[in-house]
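Undergrad: Give me a 3D structure for the following:
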Amino acid sequence: MSQQTKKSSNSNMTTITVALVLCLVCSVMVSAVAVGLKPAQVENQLLDRNKNILVAAGMFDPAKDTNEDVEKRFADFDVKLVDLEKGEYATEADLSKAGIADINNYDANQASKNKALSTDLGNDDPASIGAVPKFAKVYVKNDANGKPELMVLPVHGYGLWGTMYGFLTLEGDLNTVKGISWYDHKETPGLGARIEEPKWRAQWEGIHAYDENGEVATGVTKAGQSRENWVDGISGATLTSVGVRNLIQFWLSERGYKPFLDNLRGGTPDSAANAQTQTTTGEEA
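TA: Just a heads-up that it's a prediction; the model follows:
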C-alpha cells in the first residue's frame with residue numbers, strides 16, 4: 001500500500017470517527033433536553049386539560065382569565081373513576097383488582113387500548129372509537145350538601161380526519177347541559193375546527209341530554225336544519241357535525257354514562273327535574 005493510500009485511509013477513518021463522536025454527543029444532548037423538558041410538558045398538558053374542563057363547566061374565560069385562575073377553580077372538583085359496566089363510582093376493591101393504583105394518573109384513552117381494561121365494540125361502534133374503557137374518569141363539583149353541582153364527562157369520537165377529544169358538562173340535575181369544550185382534534189381549520197368557537201359551543205348550554213322517557217334527546221343537525229333541543233351543524237363541515245352527534249349520543253347512551261347518571265340521580269331524568277322544581281317551589285314558599 002502506497003504512502004498516499006495510507007494517508008487517505010487514515011483521513012477517512014478520522015472523518016468517520018469524528019462523525020460518530022458528534023452523533024453520540026448530539027444524541028446525549030437531545031436526550032438530556034427531552035428528559036429535562038418532560039416535567040414541564042406534563043405540567044402544561046395537565047394545565048390545558050384542567051383549563052378545558054373549566055371551559056366546559058363555564059368557569060373559565062380564555063379571553064380574560066389566567067393560569068392561576070385554573071389552579072384555584074379546579075381545586076373545587078373531585079376526580080373520580082366510574083365503573084361503566086356497573087354504572088357506579090369504582091370502589092377501591094374494583095381499582096385494586098384492575099391494577100389501578102393512582103386515579104389521577106389513570107388515562108382512560110390508554111386504557112381503551114388495553115384489552116384487560118376495555119370492552120371491544122366490534123361492528124357496533126357509531127363513534128368509531130374501537131373500544132370503551134371499563135373505567136372512565138369524571139370530574140365532579142359538589143354543592144354544600146355534597147351533591148353534584150356540575151358533572152364533567154370526557155367524550156371522544158371520530159370526526160373527519162381523526163378522533164376528537166372533549167368534555168361535556170351536565171348541571172346538578174345530571175340532564176341539563178352546561179357546556180362543551182374540545183382539547184384535541186384534527187378537524188379542518190375554518191370548517192370542522194369551528195367546534196372550538198365560543199359561538200358554536202354556546203348552543204349547547206341549556207339543552208337536555210335526555211327526554212322524559214330517559215332516551216338520549218340531543219345531537220347535531222345538518223347545517224340549516226334546526227331542531228328543538230339539538231345543536232345546529234356547521235356549514236361545510238358535515239362529517240365533523242355527524243362525528244360530534246355520534247360521539248355525544250354514544251357517551252350518553254347505555255354503553256356510555258347513562259347507567260351511571262341514572263343511578264346517581266336515583267331515577268329518570270324527568271323525576272330529577274321534577275324533584276328540583278319541587279325543591280325550588282318549597283324554598284320560595
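
Undergrad: So residue 175 sits against residue 207, correct?
TA: No - Residue 175 is beyond contact range of residue 207, at 9.7 Å (criterion: CB atoms under 8 Å). C-beta: built from backbone N, CA, C; applies to glycine.

Undergrad: neighbour count winner among these two?
TA: Taking other CB atoms under 10 Å, residue 175 and residue 207 do not tie; residue 175 has more neighbours (23 against 16).

Undergrad: What separation do you get for the more buried one and residue 87?
TA: To residue 87, residue 175 is 16 Å away according to CB to CB, to the nearest Å.

Undergrad: Quick one: neighbours of the nearest residue to residue 211 once chain neighbours are set aside, just the number.
TA: Closest residue in space to residue 211, ignoring its immediate chain neighbours: residue 217 at 4.0 Å, by CB to CB, 6 or more residues apart in numbering. Per other CB under 10 Å, the neighbour tally for residue 217 reads 19.

Undergrad: Strands along the stretch 51-200 of the chain, start to end?
TA: 77-83, 88-89, 118-120, 131-133, 135-142, 148-158, 163-171, 177-184 (DSSP state E, counting those that start in this stretch).

Undergrad: hey, which helix or strand in this structure has the poorest pLDDT?
TA: helix 269-284 (a mean of 40; mean pLDDT, DSSP states H and E).

Undergrad: wait, doesn't residue 161 sit right on residue 191?
TA: No - if you go by CB under 8 Å, residue 161 and residue 191 don't touch, sitting 10.7 Å apart.

Undergrad: Just the pLDDT at residue 285, thanks.
TA: On pLDDT, residue 285 comes in at 26.

Undergrad: And residue 21, by the same measure?
TA: Residue 21 is given a pLDDT of 68.

Undergrad: now residue 142, which residues is it bridged with?
TA: Taking DSSP bridges as the rule, residue 142 bridges to residue 148.

Undergrad: measure residue 209 to residue 56 for me?
TA: Relative to residue 56, and taking CB to CB, residue 209 is found at 14 Å.

Undergrad: Look up how far residue 13 lies from residue 117.
TA: 53 Å.
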